[in-house]
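> Build me a structure from this.
(one chain, ligands or ions: 1)
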Amino acid sequence: MSENSTSPSTTQDNAPVTVLGLGHIGLPTALGLAELGRQVIGADDDARKVGLIRNGDPTFYEPGVAELLAKHLKSGKFQPVDDVAAAVRAGSIIFICVGTPQKTNGQADLGQVEAVAQVVARNLNGYKLLVEKSTVPAITAQWLKRTIVRYNSGKASPAPGSALAAPPLAFDVASNPEFLREGKALEDFFHPNRIVCGVESERARDLLVNLYSPLKCPLVLTNTSTAELIKHAANAFLSMKISFINMVSDLCEKVGADVGAVARGIGLDNRIGPQFLDAGIGYGGYCFPKDLRAFIHLAEEHGVDFSLLQEVEHINQSRVDMFVGKVRHAIWNLRGKKLGILGLAFKAGTDDIREAVSLKIIETLRDEGSILRLYDPQAMPNTQRMVPASPQVSYCTSVDEVAQGAHALLLLTEWEEFRQLDLARLREVMEVPVLVDGRNLYDPEAVHRAGFEYFSIGRADPVPAGMHTSPGVALK
Ligand code: UGA
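So this is what the prediction gives:
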């Protein structure tokens, strides 16, 4: 439809907002809306999780969320419940924030989304605006509409021969994809780059515009299918940027170039932009890998050859072998070597390890016979559930402990804590001072000065003192 700035709307509907699903997206969204002054009911059918949230435990690490949760449990603006049907009846705007995991064929599994639509259908006690926040493939909104009509106890369609036509169902479906990043969820909620609202009625549009009116950013108003596609296209494009720079980094290593400088050099072009050009071990997390596959699947379903994205995924998957190859290149044989792993979370700022590249690297190194000592400031409890401690894998409580007797340190997550390492001290306790940096966190010269051999991404290998030859072809 149009692109506007959010501005106060004439619709002053302050009815309670219901958020269904209290995970990484639902909980920050619910608390953000409470902070904007709305009365929010947060529902999840996991009673144990709701119990913890009621006691002030967000159940996952996300900066600022525990504080905001405490604030709005106290203010009464946020009410966590495990009765989803009651939550649907109580709210007039209902956000769907349930999981959309992937099936084995890569397609998005929309079972939980349909289940929500059925609950809504059975609890329509007045006008409801059902809003997709979860990432869903295009035309899911149409399915939601159909599902609500279908499961609304037959009220939608009058009995054959009946003289009385049933009143039209009072609901709308909208798509309002979220762009929150884990680790920065609240920052992104309060300072979004844009808000996208896909709507099919003026009433739905006014409700959403009013809801977000306190936030100042561009508003993209469009139809539901376009909004759904914007979300998938955004995540696919960002994944593509990462795979692109990762391939450039491989080339940099071959020709003696520096990928950081290349990223800066291209990123200063406004048309390219500087973000998401950090070369490394590849992208992970709950969103990019699954959303990319779902987008590829959607394209295939509609007969569109989007093999470009298949290549993006292929490049990403090959980063594990690239990194393990780098470790092998740094220390020769892997079997029996003690390797200190710094970082397990799929990125800094979260305890999330879903689809974390670190886990795939750890699995490969373990299969190769290395002895692994792991440390992460937040993600160890989650990792311990996936990779139990064993004679080959142990968990440490500090970087110093990880470094004891190690043949190399492998840096896999860009935690702030790891930027501040006292390398000279670590060198003293290591068997061999080798650092393989999967995130290019360090200045190579500083690491060399601290007495380490340093291997990073997209930067030429260290050359021992006195053996330096300048790379490249001599100019005639
Ligand atoms: C991503 C998007 O950035 C959000 O906008 C979106 O809302 C979210 O998915 C979602 O769909 O829910 P998130 O998964 O939290 O957010 O993480 P990102 O910060 O995007 O990072 C994803 C992965 O890419 C991480 O493994 C990160 O280390 C990697 N990455 C990121 C790089 O390897 N290089 C970069 O330059 C940037």
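
> and residue 265, how far is that from residue 272?
Per CB to CB, to the nearest Å, residue 265 is found 10 Å from residue 272. Quick note: C-beta positions are derived from backbone N, CA and C, even for glycine.

> between those two, who's got more neighbours?
A direct count of neighbours by other CB atoms under 10 Å for residue 265 and residue 272 places residue 272 higher, at 14 against 11.

> Verify the contact between the more buried one and residue 266 for me.
Yes: using CB atoms under 8 Å, residue 272 is in contact with residue 266, at 5.1 Å.

> Give me the phi and psi for the closest residue to residue 459 other than its chain neighbours.
Leaving aside its sequence neighbours, residue 459 sits nearest to residue 258 (CB to CB, 6 or more residues apart in numbering; 5.3 Å). Torsion angles at residue 258 (phi, psi; degrees, to the nearest 10) stand at phi -120, psi 120.

> Would you mind measuring from residue 258 to the ligand?
Distance of residue 258 to the ligand, computed by CB to the nearest ligand atom, to the nearest Å: 16 Å.

> List the contacts of the residue in the stretch 351-476 of the chain that the ligand sits nearest to.
Residue of the stretch 351-476 of the chain nearest the ligand, by CB to the nearest ligand atom: residue 357 (6.7 Å). Listed by CB atoms under 8 Å, 6 or more residues apart in numbering, the contact partners of residue 357 are 281, 282, 283, 284, 319, 320, 323, 346, 412, 438.

> and which of those is nearest to the ligand?
Checking the contacts of residue 357 against the ligand by CB to the nearest ligand atom gives residue 283 as the nearest, at 3.3 Å.

> From what I see, the closest one and residue 239 are in contact.
Yes: if you go by CB under 8 Å, residue 283 and residue 239 touch, sitting 5.8 Å apart.

> shared neighbours, these two?
Applying CB under 8 Å, 6+ apart, one finds that residue 283 and residue 239 are jointly contacted by residue 316.

> Residue numbers of the chain in contact with the ligand?
With CB under 6 Å from any ligand atom as the criterion, the chain meets the ligand at residues 135, 178-182, 235, 238, 242, 276-278, 280, 283-285, 287-288, 291, 346-347.

> same thing but 5 Å
Counting by CB under 5 Å from any ligand atom, the residues of the chain close to the ligand are 179-182, 242, 276, 278, 280, 283-285, 287, 346-347.

> okay if I get those as TSV plus distance to residue 53?
Below are those laid out as TSV (distance: CB to CB, whole Å):
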residue	distance to residue 53
179	23
180	18
181	21
182	17
242	33
276	32
278	33
280	33
283	29
284	26
285	22
287	22
346	23
347	24
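
> Would you convert these into JSON lines that also reports neighbour count?
What follows is the residues of the chain next to the ligand, written out as JSON lines (neighbours: other CB atoms under 10 Å):
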{"residue": "179", "neighbour count": "15"}
{"residue": "180", "neighbour count": "20"}
{"residue": "181", "neighbour count": "15"}
{"residue": "182", "neighbour count": "25"}
{"residue": "242", "neighbour count": "20"}
{"residue": "276", "neighbour count": "16"}
{"residue": "278", "neighbour count": "19"}
{"residue": "280", "neighbour count": "26"}
{"residue": "283", "neighbour count": "25"}
{"residue": "284", "neighbour count": "24"}
{"residue": "285", "neighbour count": "22"}
{"residue": "287", "neighbour count": "24"}
{"residue": "346", "neighbour count": "28"}
{"residue": "347", "neighbour count": "22"}
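
> Can you get me a residue count around residue 70?
Look at residue 70: counted by other CB under 10 Å, it has 12 neighbours.

> element containing it, please.
Residue 70 belongs to helix 65-75 when assigned by DSSP states H and E.
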